[in-house]
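> Quick one, structure for this:
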Amino acid sequence: MKLSRRAMIKDGMLVVSAGMVMPSIFSRGVASAHSLSQQGVHFAQAASNRTLIVVQMAGGNDGLNTVIPYTDALYRKMRPTLGIPEAQVLTLDGRLGFHPNLAPLKKLWDAGHLAVVEGVGYPNSSLSHFQAMDIWQTLDLNGVGTQGWLGKLVSGWVDKDGHPFKALDIGTQTAQALSSLNAPVPTLTNVKSYRLAPDPQDGDGGSTRLQALMKLYNSYPRTAPYAALLDTTATDAQTGGKQLQEADANYHSTVTYPQDSFGQGLKVLAEAIVADLGLRVGYVTLGGFDTHANQQDTHAQLLKALADGLAAFYEDLVQHGKADNVVVMTWSEFGRRVEENGSQGTDHGTAAPMFVLGNPVSKGIYGEPPSLSSLDNSGNLKYTTDFRSIYATMLDRWLGASSKDILGGSFGGQNFLPQV
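Okay, here's the model as predicted:
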């Protein structure tokens, strides 16, 4: 086992104490590896050039104003203020269409590179942000899971053969979906933050501090416990930031990304893919979807940020000849209630659509749009597609991994990706 450099570097801050933390992390990794071995979990290494990018739309995206049932009279009746006028809807077929700010995604739909999965949810949907996010990320329907579904996946990849960038999370803290007992995932807000921060009083850009750190590790007896682990950590810490900085320096593109954090996060992921750093799973979050009040403008801006960022990312991959190797999947912890509230917003709901984007994707609408005339006792939509079937499709048909092992059961699949 090798310890990820994220254990040493997090947003430029040194966070590891060799004497206290290393043995604990090491022992957890050994225990996890033993546990997975006992369970017979197998992580296939097929399709090693393929990448999955996961986009979390945090806060609970209003699915009905994202993929709009514009011909349904109940939609207009229950949303007299928030309903998108039919003339503005970007129609997909005779009953569904996109919010007007999703025009860049409509172009990808027209080009055949976008799938919409409707009515996504799970039994007895939670309306709590935290519990719902736990469920989506750990697959524990009680909302008390600890290890993420992607964490189980990357535990077999991260730092394998000295390669730390099999997974990369853009953010201030690692998403629970990527949480793993033995494979901390590099997490950063931007490329420059992924390094050992120099002391402001240093006049050499941090060289002295790095040399002192390396001296500390080199002084550790080679025959002592965890010596190999410390060697690996020191080496990775020294070279990892350099790898990412070089990728940034050598990256050239004519694509203009949005300047918001979401667009710039996608740009970092594109750089890692273009530089062939071995990225298999990338993760980025767009927050702010908890639109209880004054939803119209806020939601419109968020959908524009989503569409503009993803369109730039896709075009960047096309320019660099990487678009055939990348699939993007969006998710949100729940949708919104069908009926608008008195604050010109919508409250926590249940089922919502997901987007799947990429050249390998088979264009279409998958799943069944939930009925607006047959709601549950709380006035919420009844889900029609289990979210775990989307995860299973990504694992089995795209990443070459066993969904049964990782998800802990069989949940079928969707046809937006071809059978392997």
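
> Can you tell me which helix or strand of the chain has the lowest average pLDDT?
strand 13-14 (a mean of 30; mean pLDDT, DSSP states H and E).

> Enumerate the positions of stretch 249-259 that are buried.
Using 16 or more other C-beta atoms under 10 Å as the test for burial, stretch 249-259 gives 251, 253, 255, 257-258. Backbone N, C-alpha and C define where each C-beta goes, glycine included.

> go on, stretch 257-277?
Applying 16+ other C-beta under 10 Å to stretch 257-277 flags 257-258, 261-275, 277 as buried.

> how about residue 58, phi and psi?
phi -80, psi 140 (degrees, to the nearest 10).

> all helices of the stretch 51-200 of the chain, in order?
For the stretch 51-200 of the chain, applying DSSP state H, counting those that start in this stretch gives helices covering 73-78, 103-110, 129-138, 149-154.

> Could you single out the most deeply buried of the ones you listed?
helix 149-154 (a mean of 26; mean count of other C-beta atoms under 10 Å).

> Packing partners of that one?
strand 281-287, helix 403-407 (3 or more C-beta pairs under 8 Å, 6 or more residues apart in numbering; DSSP states H and E).

> Select, out of these, the one closest to residue 417.
Closest approach to residue 417 among the helices and strands packed on helix 149-154 (C-beta to C-beta): helix 403-407, 12.3 Å.

> one step back: quick one: which of the buried residues of stretch 257-277 sit in helices?
261-274 (DSSP state H).

> Just send these back as TSV, with pLDDT too.
Listed next are these as TSV, based on pLDDT from 0 to 100:
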residue	pLDDT
261	96
262	98
263	98
264	96
265	97
266	98
267	97
268	95
269	96
270	97
271	94
272	93
273	96
274	95
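
> and which of the residues you listed is nearest residue 75?
Closest to residue 75, out of all of those and judged by C-beta to C-beta, is residue 262, at 27.9 Å.

> how about the helices of the stretch 51-200 of the chain, which one is nearest residue 352?
For residue 352, the closest of the helices of the stretch 51-200 of the chain is helix 129-138, at 11.0 Å, according to C-beta to C-beta.

> Mean confidence (pLDDT) on that closest one, please.
The average of the pLDDT scores along helix 129-138 is 97.

> That helix: how far from the chain's middle?
Computed by C-alpha atoms, centre = their mean, to the nearest Å, the chain-centroid distance of helix 129-138 equals 14 Å.

> can I have that helix written out in PDB, keeping just the CAs?
Extracted C-alpha coordinates of helix 129-138, given in PDB (Å, rounded to 0.1, in the frame of the first residue of the first chain):
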ATOM      1  CA  HIS A 129     -30.000  17.000   2.500                       C
ATOM      2  CA  PHE A 130     -27.400  15.200   4.600                       C
ATOM      3  CA  GLN A 131     -29.100  11.800   4.800                       C
ATOM      4  CA  ALA A 132     -30.000  12.000   1.100                       C
ATOM      5  CA  MET A 133     -26.400  12.800   0.100                       C
ATOM      6  CA  ASP A 134     -25.200   9.900   2.300                       C
ATOM      7  CA  ILE A 135     -27.600   7.500   0.500                       C
ATOM      8  CA  TRP A 136     -26.500   8.600  -2.900                       C
ATOM      9  CA  GLN A 137     -22.900   8.400  -2.100                       C
ATOM     10  CA  THR A 138     -22.600   5.300   0.100                       C
END
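
> okay, the helices of the stretch 51-200 of the chain in TSV with distance to residue 358 next?
What follows is the helices of the stretch 51-200 of the chain, written out as TSV (distance: least, C-beta to C-beta, whole Å):
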stretch	distance to residue 358
helix 73-78	30
helix 103-110	9
helix 129-138	21
helix 149-154	17
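
> so which of those gets nearest residue 305?
Nearest of those (C-beta to C-beta): helix 103-110, 10.8 Å.

> CA atoms only for that closest one - export them in PDB, please.
Below are the C-alpha coordinates for helix 103-110, written out as PDB (Å, rounded to 0.1, in the frame of the first residue of the first chain):
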ATOM      1  CA  ALA A 103     -28.900  25.600 -24.800                       C
ATOM      2  CA  PRO A 104     -25.300  24.400 -24.900                       C
ATOM      3  CA  LEU A 105     -26.500  21.000 -23.700                       C
ATOM      4  CA  LYS A 106     -29.300  21.000 -26.300                       C
ATOM      5  CA  LYS A 107     -26.600  21.300 -28.900                       C
ATOM      6  CA  LEU A 108     -24.900  18.200 -27.500                       C
ATOM      7  CA  TRP A 109     -28.300  16.500 -27.500                       C
ATOM      8  CA  ASP A 110     -28.800  17.400 -31.200                       C
END
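
> Give me the contacts around that helix.
90, 92, 98, 114, 306-308, 310-311, 314, 355, 357, 363 (C-beta atoms under 8 Å, 6 or more residues apart in numbering).

> how about 10 Å then?
Residues from elsewhere that reach helix 103-110, judged by C-beta atoms under 10 Å, 6 or more residues apart in numbering: 66, 90-92, 97-100, 102, 113-116, 303-304, 306-312, 314-315, 355, 357-358, 361, 363-365.

> Which among the residues you listed count as buried?
By neighbour count, with 16+ other C-beta under 10 Å, the contacts of helix 103-110 hold 66, 90, 92, 97-100, 102, 113-116, 303-304, 306-312, 314-315, 355, 357-358, 361, 363-365 as buried.

> In strands, which of the residues you listed fall?
Among these, the members found in strands (DSSP state E) are 90, 97-98, 114-116, 355, 357, 364-365.

> want to throw those into JSON lines with pLDDT?
Shown next, in JSON lines, are these (pLDDT from 0 to 100):
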{"residue": "90", "pLDDT": "98"}
{"residue": "97", "pLDDT": "98"}
{"residue": "98", "pLDDT": "98"}
{"residue": "114", "pLDDT": "98"}
{"residue": "115", "pLDDT": "98"}
{"residue": "116", "pLDDT": "98"}
{"residue": "355", "pLDDT": "98"}
{"residue": "357", "pLDDT": "98"}
{"residue": "364", "pLDDT": "98"}
{"residue": "365", "pLDDT": "98"}
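
> what's the most distant pair in these?
Longest distance between any two of those is 17.5 Å, between 97 and 357; criterion C-beta to C-beta.

> so where's the protein uncertain?
Counting by pLDDT under 70, the chain contains low-confidence ranges at 1-47, 156, 158-163, 193-241.
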